[in-house]
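In: sequence and predicted structure below; questions after.
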Amino acid sequence: MKIACWSGPRNISTALMYSFSNRADCGAVDEPFYAAYLAATGKDHPMRAEILAAQPQDPEAVISALCDPVPAENAHVYQKHMAQHMLPAIRRDWWDGMAHLLLIRHPARVVASFTKGFAEAGLEDIGAVQLAGIYDDLLAQGITPVVVEGSDVRAEPEGMLRAICDRIGIGWDSAMLSWPAGPKPVDGVWAPVWYGAVHASTGFAGPEGPLPELDGRLADMAEAAMPYYARLAAVKISPEAG
């Protein structure tokens with residue numbers, strides 16, 4: 001099975017990728033459209049040159065690779081995608097036959113975290129609008145995605161991971177609850193900039209604290225993202241008991 005997870009930045013997307021890739025039956029791909037996104041938008045992200053050199057810049061080449069058969073050594077492949085990387089010009093008719101997860105996080109938390117590393121970020125950079133658009137496009141194709149709140153996974157990892165596995169139709173594996181510390185073979189080239197905390201981890205962080213207090217432009221950005229987040233939060237799954 002191919003599992004496509006769509007997330008905004010500064011969620012638990014990397015930890016969830018580590019969780020799935022720690023299964024003996026699952027490979028992983030880290031943000032395959034990142035270089036194509038940077039090439040098309042001209043955005044000056046950290047390690048831009050290295051990212052452009054490390055991945056195909058043509059979205060069609062990325063799609064072709066993602067549509068290749070699952071490698072013989074794996075029963076499943078987990079694709080970690082950033083929703084904002086899926087630009088409007090990139091076709092979406094290759095999604096059928098995959099399980100899709102939409103990973104959401106309260107916009108105030110995303111804005112507070114992401115702008116620490118990319119101060120000039122705007123609404124288009126935090127993924128909320130794009131996640132809602134991906135949700136609509138999936139439904140239009142007859143695909144019902146599984147919507148997951150990152151903070152719910154942090155609060156109740158086993159229950160939420162069991163619920164995810166049940167919804168997408170794969171067996172539960174307790175190896176998903178932890179992983180070795182340090183860099184991973186599946187990491188994108190940008191890992192030194194963004195993955196410090198998750199490299200220090202061996203499992204999901206505990207429950208999140210109070211929402212951060214924002215003001216000015218950052219508060220406005222979070223407020224503008226709220227309707228898109230709230231729409232998806234209304235259909236998110238709950239943890240399984242036991």
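Out: Thanks, I have the structure now. Numbers count the residues shown, from 1 in each chain.
In: number of nearby residues for Glu124?
Out: Neighbouring residues of Glu124 were enumerated by other Cβ atoms under 10 Å; the total is 13. Using the backbone N, CA and C atoms, a C-beta is placed for each residue, glycine as well.
In: whoops, Thr202 was the one
Out: With other Cβ under 10 Å as criterion, Thr202 counts 12.
In: cool, and Pro46?
Out: 12.
In: quick check: chain neighbours aside, which residue is closest to it?
Out: Nearest residue to Pro46 in three dimensions, chain neighbours excluded: Val193, at 4.4 Å (Cβ to Cβ, 6 or more residues apart in numbering).
In: wait, isn't that neighbour in contact with Lys116?
Out: No - under the criterion of Cβ atoms under 8 Å, Val193 is not in contact with Lys116, lying 11.3 Å apart.
In: more neighbours, those two?
Out: Val193 (15 against 10).
In: from Val148, how far off is that one?
Out: 25 Å (Cβ to Cβ, to the nearest Å).
In: please apply the same query to Ala72.
Out: 29 Å.
In: all helices of this structure, in order?
Out: 13-21, 34-41, 48-54, 59-66, 107-117, 128-140, 150-155, 157-168, 191-194, 196-199, 216-233 (DSSP state H).
In: what's the local residue count around Gly171?
Out: With other Cβ under 10 Å as criterion, Gly171 counts 9.
In: dump the residue contacts of it.
Out: Each residue near Gly171 by Cβ atoms under 8 Å, 6 or more residues apart in numbering is listed here: Cys165.
In: and it, what's its pLDDT?
Out: Gly171 carries a pLDDT score of 96 in this model.
In: can you check Lys116 too?
Out: 87.
In: same question for Val147.
Out: pLDDT recorded at Val147 is 98.
In: enumerate every residue touching it.
Out: By Cβ under 8 Å, 6+ apart, the contact set of Val147 is Leu101, Leu102, Ile104, Tyr135, Leu232, Ala233, Val235, Lys236, Ile237.
In: PyMOL command for the buried members of the residues you listed?
Out: Of those, the buried ones can be selected in PyMOL as follows, counting by 16 or more other Cβ atoms under 10 Å:
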select buried, resi 101+102+104+135+232+237
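In: which pair in the contacts of Val147 has the greatest spatial separation?
Out: Between any two of these, the greatest separation by Cβ to Cβ is 14.5 Å, found for Leu101 and Ala233.
In: who's in contact with the nearest residue to Ser174 once chain neighbours are set aside?
Out: Among residues not flanking Ser174 along the chain, Glu158 sits closest, at 7.9 Å (Cβ to Cβ, 6+ apart). By Cβ under 8 Å, 6+ apart, Glu158 lies in contact with Ser174, Leu177, Pro239.
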